[in-house]
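> Let's see this in three dimensions:
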Amino acid sequence: MLTNIDSKEEIDKLADNPAYANHPFLNKANFLDHLIAQKVLYEKAMDDKSIDKDELETLLEMVKVQTAAQYFLSKKLKDKIAVTDEEVDKIYSENRSKFAGRTADEASNYIKQQIFSQKSRQETNKYIAELLAEHAINKEGFKEYQAKNAKPAAGSTTAGQEQKTEQK
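The predicted structure is shown next:
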């Protein structure tokens, strides 16, 4: 998601590049195979009685939140991140030997993606720090919530269960 690709045409151009022939998401046949396999596995997991459904639902919720956050960040920050030709040229000239065997376009695209990723991480961290400061997050409240809602270990009893046992 956080890539420096602005259009579907650019993605198609990369997909047509033989260097990306085996890329799992740029090769359309591979992508479709991957998607089908993931869907079949998802359905199998949802139907499997031996899997803890509460744990699975928690994981699904976490993935949903993480995916939405990444998508939001990619849309929110994309226009704030630019990679200049000067930056690419500087990295290329300083590391020319590392790009032996690659065309100039391949090296340039790789360098642009690396710079873009680095700048994305920096902008993401800055944006998240600003959000957290705005919302005055109380982490202690979460720890209290966890303690209150923790499932007792097998064979242990909660305070409420101990009281009921004592009253009998």
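
> Can you spell out the domain ranges of this protein, please?
1-80, 82-147 (automatic domain parsing).

> Can you tell me which of these has the worst average pLDDT?
Ranked by mean pLDDT, those bottom out at domain 1-80, which scores a mean of 84.

> what about the strands in this protein?
Read by DSSP state E, the chain holds no strands at all.

> Just give me the longest helix of it.
Criterion DSSP state H: the longest helix present in the chain is helix 104-135.

> which helices and strands does it pack with?
Packed against helix 104-135 by the contact rule (3 or more Cβ pairs under 8 Å, 6 or more residues apart in numbering; DSSP states H and E) you find helix 53-77, helix 85-94. Yep, even glycine has a C-beta here, placed from its N, CA and C like the rest.

> Would you reformat the domains of the chain as a markdown table and include mean neighbour count?
Output for the domains of the chain, formatted as a markdown table (neighbours: other Cβ atoms under 10 Å):
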| stretch | mean neighbour count |
| --- | --- |
| domain 1-80 | 12 |
| domain 82-147 | 12 |
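
> about what we covered before: just so I know, which of the helices and strands packed on helix 104-135 lies nearest Pro18?
helix 85-94 (21.5 Å; Cβ to Cβ).

> Quick one: residues in contact with the closest one.
Phe99, Ala107, Ser108, Ile111, Lys112, Gln114, Ile115 (Cβ atoms under 8 Å, 6 or more residues apart in numbering).

> which of the residues you listed lies closest to Ala21?
Of the contacts of helix 85-94, the one sitting nearest to Ala21 (Cβ to Cβ) turns out to be Ala107, at 18.3 Å.

> Now that closest one. Nearest residue, chain neighbours left out?
In this structure, Ala107 finds its nearest non-sequential neighbour in Phe99, 4.0 Å apart by Cβ to Cβ, 6 or more residues apart in numbering.

> pLDDT wise, what is Ala159 at?
49.

> And the one 3 residues further on, by the same measure?
We have a pLDDT of 48 for Glu162.

> same deal with the one 3 residues further on?
The predicted local distance difference test score for Thr165 is 45.

> that older thread, can I get the contacts of helix 85-94 in CSV with distance to Phe25?
Below are the contacts of helix 85-94 laid out as CSV (distance: Cβ to Cβ, whole Å):
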residue, distance to Phe25
Phe99, 24
Ala107, 22
Ser108, 21
Ile111, 21
Lys112, 18
Gln114, 18
Ile115, 21
